[in-house]
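Undergrad: Sequence and predicted structure below; questions after.
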Amino acid sequence: MHCPKCGGEIPFYDLRPNCKHCGVNIMYYTQEAGLTLDAKRTELESAVARMVIARIKANFIGGKLQIARMIVLFVVAATTLIPFGGAKYELPFFHETLSAGLIGLIGAFQNGLLLKIPQLLTSALVSRATVAAVVPIAMLLLLVVLDVALFVIYMLGFLNLTGTTKHQRNGSLVGAILACLTQIAVVVLYFTTPESAYSAPVLGFGALVMAAAFLALFFLNRALLKKGIEPTYRENDLKRKELLKKVRAGEVDLDSLPLPIFESDEEREERLKALEEALKAEEEGKEL
């Protein structure tokens, strides 16, 4: 065994707490060295955590454009509740409406109408009106999948602020085009599907509203890309992150680094203020 401070050899039977060569308390010296290493490691790892938080803030609430994007993204999701179109049925003992909107689909599932779509498509009385409802329903489900994908990309946007914003911009443009095509299909089917005593197509404009919301999301993401999404990092945090990589790779020895490793004037003032408050609290505790 060797003394952790001076390196002097200590026999295994020497149970004294102090080194016989330099007199240092071996246990406390070892604890102090461990605490110093922990403090250095904490400084570097805390910088990485602060950088992640800074990117999260920049992605969600970093400015007016980011806040507007978040609101519009929820508006896009809300437009799926507006009926895109549909069909109404007036048969003996059967009076229902099949609506191409999430609320309408939930109601159709509850009353069993959704499961009867294959039968309605093959019925000579209501098949054409059913087609006028099934087409927007299919497009709605496709747009819902796209909306969910955009929401997932948005939630993970802090991982790559520029890259995910580009994906959101492109995805919202695709959504606007699909929604416009859906609205055109709904209008065409409405005017080309004849009404009968048993069924009739229903005209809706939910796809048009969704297209407008997707376009707003497209322009917001494009504006963000032009402006740039720059997170605000604390001074020296980038250096701490790079140094942490080198420490983990074994290129830099943590023992050889000073404590604090990096310290700006602002951080020094914060540290001295915290130390002053701690000493003041200790003195007040002794007086009590």
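TA: Alright, I've got the coordinates.
Undergrad: use CA for all of it now, contacts and neighbours both
TA: OK.
Undergrad: where does this structure have low pLDDT?
TA: Scanning the chain for pLDDT under 70 picks out 1-5, 7, 10, 12-17, 19, 23-33, 286-288.
Undergrad: Tell me how far the residue minimising distance to the centre of it lies from residue 232.
TA: Nearest residue to the geometric centre of the chain (CA atoms, centre = their mean): residue 155, 1.6 Å. Distance of residue 155 to residue 232, given as CA to CA, to the nearest Å: 19 Å.
Undergrad: And the residue nearest to residue 157 when sequence neighbours are not counted, how far from residue 154?
TA: Nearest residue to residue 157 in three dimensions, chain neighbours excluded: residue 164, at 5.3 Å (CA to CA, 6 or more residues apart in numbering). Residue 164 is 7 Å from residue 154, where distance means CA to CA.
Undergrad: what secondary structure does residue 6 sit in?
TA: coil (DSSP: H, G, I helix; E, B strand; the rest coil).
Undergrad: name the helices or strands packed onto the strand or helix carrying residue 179?
TA: Assigned by DSSP states H and E, residue 179 falls within helix 161-192. In terms of contacts (3 or more CA pairs under 8 Å, 6 or more residues apart in numbering; DSSP states H and E), helix 161-192 is packed against helix 127-155, strand 199-203, helix 206-227.
Undergrad: and residue 260, how many neighbours does it have?
TA: 13 (other CA atoms under 10 Å).
Undergrad: That one contacts residue 40, doesn't it?
TA: Yes. The criterion here is CA atoms under 8 Å, and residue 260 meets it with residue 40 at 6.8 Å.
Undergrad: picking that back up, export the helices and strands packed on helix 161-192 as TSV, with columns for distance to residue 190.
TA: Converted to TSV, those look like this (distance: least, CA to CA, whole Å):
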stretch	distance to residue 190
helix 127-155	7
strand 199-203	6
helix 206-227	14
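Undergrad: most packed of the ones you listed?
TA: Comparing the helices and strands packed on helix 161-192 by mean neighbour count (mean count of other CA atoms under 10 Å), strand 199-203 comes out on top with a mean of 24.
Undergrad: now that one against helix 161-192, angle please.
TA: Taking axes from the mean of the first three to the mean of the last three CA atoms, to 10 degrees, strand 199-203 and helix 161-192 form an angle of 140 degrees between their directions.
Undergrad: tell me the contacts of residue 217?
TA: Residues near residue 217 by CA atoms under 8 Å, 6 or more residues apart in numbering: 69, 72, 73, 169, 172.
Undergrad: which of those residues has the most neighbours?
TA: residue 172 (26 neighbours).
Undergrad: Go ahead and confirm that residue touches residue 215.
TA: Yes. Counting by CA under 8 Å, residue 172 does reach residue 215; the two are 6.7 Å apart.
Undergrad: number of nearby residues for residue 64?
TA: 10.
Undergrad: Roughly how far does it sit from residue 88?
TA: 44 Å.
Undergrad: How about residue 118?
TA: Relative to residue 88, and taking CA to CA, residue 118 is found at 16 Å.
Undergrad: Contact partners for the residue nearest to residue 75 when sequence neighbours are not counted?
TA: Closest residue in space to residue 75, ignoring its immediate chain neighbours: residue 213 at 6.8 Å, by CA to CA, 6+ apart. When the contact criterion is CA under 8 Å, 6+ apart, the partners of residue 213 are 72, 75, 76, 176.
Undergrad: Give me the subset of those residues lying in helices.
TA: 72, 75, 76, 176 (DSSP state H).
Undergrad: Mind putting the residues you listed into CSV with distance to residue 273?
TA: CSV is the format used below for those (distance: CA to CA, whole Å):
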residue, distance to residue 273
72, 43
75, 46
76, 48
176, 54
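Undergrad: Would you mind checking which of those is nearest to residue 123?
TA: Using CA to CA, residue 176 comes nearest to residue 123 of those, at 33.7 Å.
Undergrad: what about that closest one, distance to residue 49?
TA: From residue 176 over to residue 49 (counting by CA to CA), the distance is 37 Å.
Undergrad: neighbour-wise, which of those two wins?
TA: residue 176 (24 against 12).
Undergrad: correct me, but the more buried one touches residue 216?
TA: No. Counting by CA under 8 Å, residue 216 is not a contact partner of residue 176; they are 9.3 Å apart.
Undergrad: Would you map out the domains in this structure?
TA: The chain is divided into the following domains under automatic domain parsing: 25-60+236-253, 63-227.
Undergrad: Please identify the most buried of the ones you listed.
TA: domain 63-227 (a mean of 19).
Undergrad: re the thing from before, what's the closest of the helices and strands packed on helix 161-192 to residue 58?
TA: Once these are compared by CA to CA, helix 206-227 is nearest, at 11.0 Å.
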